[in-house]
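Visitor: coordinates only, no sequence provided:
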């Protein structure tokens, strides 16, 4: 009887030990599968995020743009410009930006303004070529005009089926503009005194706003989509800045081309 009890107890202990070893092995293998790590396997490549590229750096240094309100929105449905405006095989690269503005019913009054290189007076900033749709590699034309009213008009044109189409109209107070990859960001001041950054992205038909962030400094935030930085130091992220442009030439930096003022200003880039 005692011998039989000892045999059963030994068998039970052996079973418990085997179960414990199996549980530990299962736990170890489970951790490995959840982490996705396999010994000897190569780690996945980390995709680098594009850095903001200032399209008109001088306007970032101007404090005048921080006074007033910013207005942005979807606007009307994109309508091609008149067919009389022929698009060459080079696309927008081979066109005169002033001719495009003159053919645009909503922008033709801007042609009266001179091309300017720095803030402080009304005028058209040097037009910029930059890919904002990402669908065929051809760049869009970005135009910004500072008005006498201290407002800035930003317009973006693309080519669709051989026609020039305005895909963004937005207006604000002395806006600073930057490209982040294929996104366009405008920075200015909102009605309530906050610094406002609106990010636009190509949706297949137009550049639509995908984020509208307000940053409050020294005042209480007034909405859910705000950030209070009263006690935070201002630490702007790194931005690419186009190099100095030659007079009458075209500056190309980080995928963007800029028309510059000079005796040949207003001519398209080749």
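Guide: Received it, and whenever you're ready, just let me know what you need. These numbers come from a predicted model, not from an experiment.
Visitor: C-alpha from now on. contacts and neighbour counts both.
Guide: OK.
Visitor: need the strands for this protein, in chain order.
Guide: Taking DSSP state E as the criterion, the chain carries its strands at 53-54, 123-124, 128-130, 140-146, 151-160, 163-173, 176-180, 183-189, 195-202, 207-216, 226-228, 250-253, 256-259.
Visitor: which one of those has the lowest average pLDDT?
Guide: Of all these, mean pLDDT reaches its minimum on strand 250-253 (a mean of 41).
Visitor: need the contact list for the nearest residue to residue 117 once chain neighbours are set aside.
Guide: Spatially, and ignoring its direct neighbours in sequence, residue 117 is nearest to residue 125 (6.2 Å; C-alpha to C-alpha, 6 or more residues apart in numbering). With contact set as C-alpha atoms under 8 Å, 6 or more residues apart in numbering, residue 125 has these partners: 56, 115-118, 143-146.
Visitor: lowest-pLDDT helix or strand in this structure?
Guide: Across the helices and strands of the chain, mean pLDDT, DSSP states H and E gives its lowest value to strand 250-253, namely a mean of 41.
Visitor: one step back: which one of the contacts of residue 125 is nearest residue 158?
Guide: Using C-alpha to C-alpha, residue 143 is the member of those that lies nearest residue 158, at 11.7 Å.
Visitor: close enough to count as contact, the closest one and residue 129?
Guide: No: in this structure, residue 143 is not within contact of residue 129 by C-alpha atoms under 8 Å, at 9.1 Å.
Visitor: more neighbours, these two?
Guide: Comparing residue 143 with residue 129 by other C-alpha atoms under 10 Å, the one with more neighbours is residue 129, at 25 against 20.
Visitor: roughly how far apart are the more buried one and residue 215?
Guide: 29 Å (C-alpha to C-alpha, to the nearest Å).
Visitor: kindly report the same for residue 173.
Guide: Distance, residue 173 to residue 215, by C-alpha to C-alpha: 16 Å.
Visitor: those two: who's more crowded?
Guide: Applying other C-alpha under 10 Å to residue 173 and residue 215 shows that residue 173 carries more neighbours, namely 24 against 19.
Visitor: how far away is that one from residue 188?
Guide: Residue 173 sits 6 Å away from residue 188, taking C-alpha to C-alpha as the criterion.
Visitor: what's the distance between the residue nearest to residue 117 and residue 57?
Guide: Residue 125 is 11 Å from residue 57, by C-alpha to C-alpha.
Visitor: what residues of stretch 117-136 count as buried?
Guide: 117-119, 122-133 (16 or more other C-alpha atoms under 10 Å).
Visitor: and which of those is nearest residue 197?
Guide: Nearest to residue 197, judged by C-alpha to C-alpha, of the buried residues of stretch 117-136 is residue 132 at 17.4 Å.
Visitor: close enough to count as contact, that closest one and residue 184?
Guide: Yes: if you go by C-alpha under 8 Å, residue 132 and residue 184 touch, sitting 7.3 Å apart.
Visitor: just give the closest residue to residue 131, not the sequence neighbours.
Guide: Distances taken as C-alpha to C-alpha, 6+ apart place residue 139 nearest to residue 131, at 3.9 Å, with adjacent residues excluded.
Visitor: thought that neighbour was touching residue 156?
Guide: No: contact criterion C-alpha under 8 Å: residue 139 and residue 156 do not qualify, at 10.4 Å.
Visitor: bridging residues for residue 166?
Guide: On the basis of DSSP bridges, residue 166 is bridged to residue 157.
Visitor: what about it, neighbour count?
Guide: As a measure of burial, residue 166 has 24 neighbours, counting by other C-alpha under 10 Å.
Visitor: let the chain start at 202 from now.
Guide: New numbering, starting at 202: the last item is residue 367.
Visitor: state the distance from it to residue 253.
Guide: 23 Å.
Visitor: try residue 339
Guide: Counting by C-alpha to C-alpha - residue 339 and residue 253 are separated by 20 Å.
Visitor: thanks a lot, catch you later.
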